[in-house]
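A.B. asks: below are the sequence and a predicted model for it; my questions follow.
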Amino acid sequence: MAPINVMNPVLVQVLGICSALAVTSQLKPALVMGLAVTIITGFSNLIISILRNTVPTRIRIVVQLVVVAALVTIVSQVLKAFVYDVSVELSVYVGLIITNCILMGRLEAFAMQNKPWPSFIDGSANGLGYGMILVIVGAAREFFGRGSLLGFQIIPEGAYDFGYINNGMMTMPAMALIMIGCVIWVHKAYFYKEEK
Amino acid sequence: MSFLRNYLNEIKPNFEEGGKLHAFRSVFDGFETFLYVPNETSKCGVHVHDAIDSKRIMSMVVIALIPALLFGMYNIGYQNYLAAGQSASFIEMFIFGALAVLPKIIVSYIVGLSIEFAWAQWKGEEIQEGYLVSGIIIPMILPVGCPLWVIALACAFAVIFGKEIFGGTGMNIFNVALLARAFLFFSYPTVMSGDKVWVANESIFGLGNNLPDTFTCATPLGEMATGAVPAASVMDSIIGLIPGSIGETSVIAIAIGAIILIWAGIASLKTMLSVFAGGIIMGLIFQATGQTPVEWYQHIVIGGFCFGAVFMATDPVTSARTETGKYIYGFIIGALAVIIRVMNPGFPEGMMLAILFGNMMAPTIDYFVVQSNINKRLKRAK
């Protein structure tokens, strides 16, 4: 379970930043995106790990991509069927999970060398670590940028009458980068110990 | 003044190793070096010290800013009484403006300095002096209608993300005060732009007039962004009797500041001149191609062009360091500011973005200047 905290892919390896910036303007898409990535990394790791001895090394990237693409298509169709509004909001970023660096990294670095069950755990944990950051950043951005969480208004109307204004920059990707920077900062200061 | 020195010497042992107030050493140090030039010398190696240290430089810049600030106070009162259609004496206008501006300056200093002090305490470092200038510039580049809590937030953001995470004064890539403004500009556009925030609309202690909520007054730049020719005359723009951010309106007051800075050898004349050259040349080009309805010189006198050129582009930390680089850096800023104003109606004032862009390009400019020099000398050696 190391990838969730100490070896978190977003915080330590700084992977998967592009989608983390793009989908976190509200909490709900961030949650769904985190879930989708968790499922895809978990199962693609599992499948590749099962296939690892039969795949010729020279075409392994192609095989990995086919597996990931198939999973992404399934997830994308499921999202369209059940949570259409979120799928519209995520737009291309569900499709772009194929190019997510965390995914390829785990396939190459872990699933190609390890047995199916540890690979599945590794993939899911990395997905969860990614999803966790998305949720933290998404919650902060939605709260400060729109005054709501999951679409429900949290900051009372009275505060607005008193002069409170939502922070417009929080809804822009620029602030997401700063938020992720802050999370990395806190993480490095309190949780992550660099190996010497 | 010697009683102050004696007092400092008297309480100094408390802050030294083993004293009961040792934890607050950096605070004491900050005050002592602010009041008196430290007489410490370096302990190893040979160092060349400038006769003026950075705390004295900062104080000089603050002095240079005072004419613009005082005029800004008067102008706030003037705009308020003008909008209400009433007449008042100079003193009344000035006091009203001062009452409107002082809380902003106080908030800016309290928030910014307390973060700096806390940071220095936390890291066990000396307190750095950079905020002395930023703290007074931040209120001066904001519209008068900006609420105090928003200013506090911007100061906190600018000090933490603009300066401290880069390593403190002298390490920052971007101008701290402009970062505060940029943060507000993108975060709270309703209090930073538009045509409702440029005139103080509430009376303070019986001075000034309450203006109706529906009152609007666009800045000349705001009018220009809609394609109109600004209503204010060029004379008014030069004196500074136009709506705008607190300190930026008066060309004359800023010119006094510029003279002080150049006389004291603090700001670079090269940067200043090339910013103006860039602005004027771009203004002429746009005028010749008919893309803007205003004369080229109006771009220079309205908005924050002068203020940016004199006080912000010349920031020694964030501007280009090489002498040739300063010309290029300044020219880019001046040209870009006018380009943004004319080509992008979404941003009526381009100076802020132009200077931030210039800050970003400065290290690259320096690199190429140094490289070209190296190449030239290599060629000569062959």
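C.D. replies: Received it, and whenever you're ready, just let me know what you need.
A.B. asks: burial check on the residue of chain A found nearest chain B, number of neighbours?
C.D. replies: Nearest residue of chain A to chain B (Cβ to the nearest Cβ) works out as residue A:169 at 3.9 Å. In this view, the C-beta of every residue, glycine as well, is placed from N, C-alpha and C. By the criterion of other Cβ atoms under 10 Å in any protein chain shown, residue A:169 has 23 neighbours.
A.B. asks: pretty sure it contacts residue B:189?
C.D. replies: No: between residue A:169 and residue B:189 there is no contact, the gap being 9.4 Å when judged by Cβ atoms under 8 Å.
A.B. asks: who touches the residue lying closest to residue B:216 once chain neighbours are set aside in this structure?
C.D. replies: Closest residue to residue B:216 apart from its sequence neighbours, by Cβ to Cβ, 6 or more residues apart in numbering or on different chains: residue B:195 at 4.3 Å. Residue B:195 sits next to B:216, B:217, B:218, B:219, B:222 when contact means Cβ atoms under 8 Å, 6 or more residues apart in numbering or on different chains.
A.B. asks: farthest pair within these?
C.D. replies: Within the contacts of residue B:195, B:216 and B:219 form the most distant pair, 11.0 Å apart (Cβ to Cβ).
A.B. asks: what helix or strand is residue B:355 on?
C.D. replies: Using DSSP states H and E, residue B:355 maps to helix B:351-381.
A.B. asks: for residue 76, list the residues it contacts.
C.D. replies: Here I'm looking at chain A. A:87, A:94, A:95.
A.B. asks: you looked at the wrong chain, it should be chain B
C.D. replies: Counting by Cβ under 8 Å, 6+ apart, residue B:76 makes contact with B:93, B:96, B:97, B:100, B:101, B:144, B:199, B:200, B:246.
A.B. asks: now render those residues as JSON lines, adding distance to chain A and pLDDT.
C.D. replies: Shown next, in JSON lines, are the contacts of residue B:76 (distance: Cβ to the nearest Cβ, whole Å; pLDDT from 0 to 100):
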{"residue": "B:93", "distance to chain A": "26", "pLDDT": "84"}
{"residue": "B:96", "distance to chain A": "21", "pLDDT": "85"}
{"residue": "B:97", "distance to chain A": "22", "pLDDT": "85"}
{"residue": "B:100", "distance to chain A": "16", "pLDDT": "86"}
{"residue": "B:101", "distance to chain A": "19", "pLDDT": "88"}
{"residue": "B:144", "distance to chain A": "15", "pLDDT": "84"}
{"residue": "B:199", "distance to chain A": "18", "pLDDT": "77"}
{"residue": "B:200", "distance to chain A": "16", "pLDDT": "73"}
{"residue": "B:246", "distance to chain A": "20", "pLDDT": "85"}
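A.B. asks: filter those down to the ones in helices?
C.D. replies: B:93, B:96, B:97, B:100, B:101 (DSSP state H).
A.B. asks: not counting sequence-adjacent ones, nearest residue to the residue nearest the centre of chain B?
C.D. replies: Closest to where the C-alpha atoms of chain B average out (Cα atoms, centre = their mean) is residue B:137, at 3.9 Å. Closest residue to residue B:137 apart from its sequence neighbours, by Cβ to Cβ, 6+ apart: residue B:177 at 4.0 Å.
A.B. asks: kindly report the same for residue A:176.
C.D. replies: In space, residue A:176 is closest to residue A:21, 4.4 Å off (Cβ to Cβ, 6+ apart).
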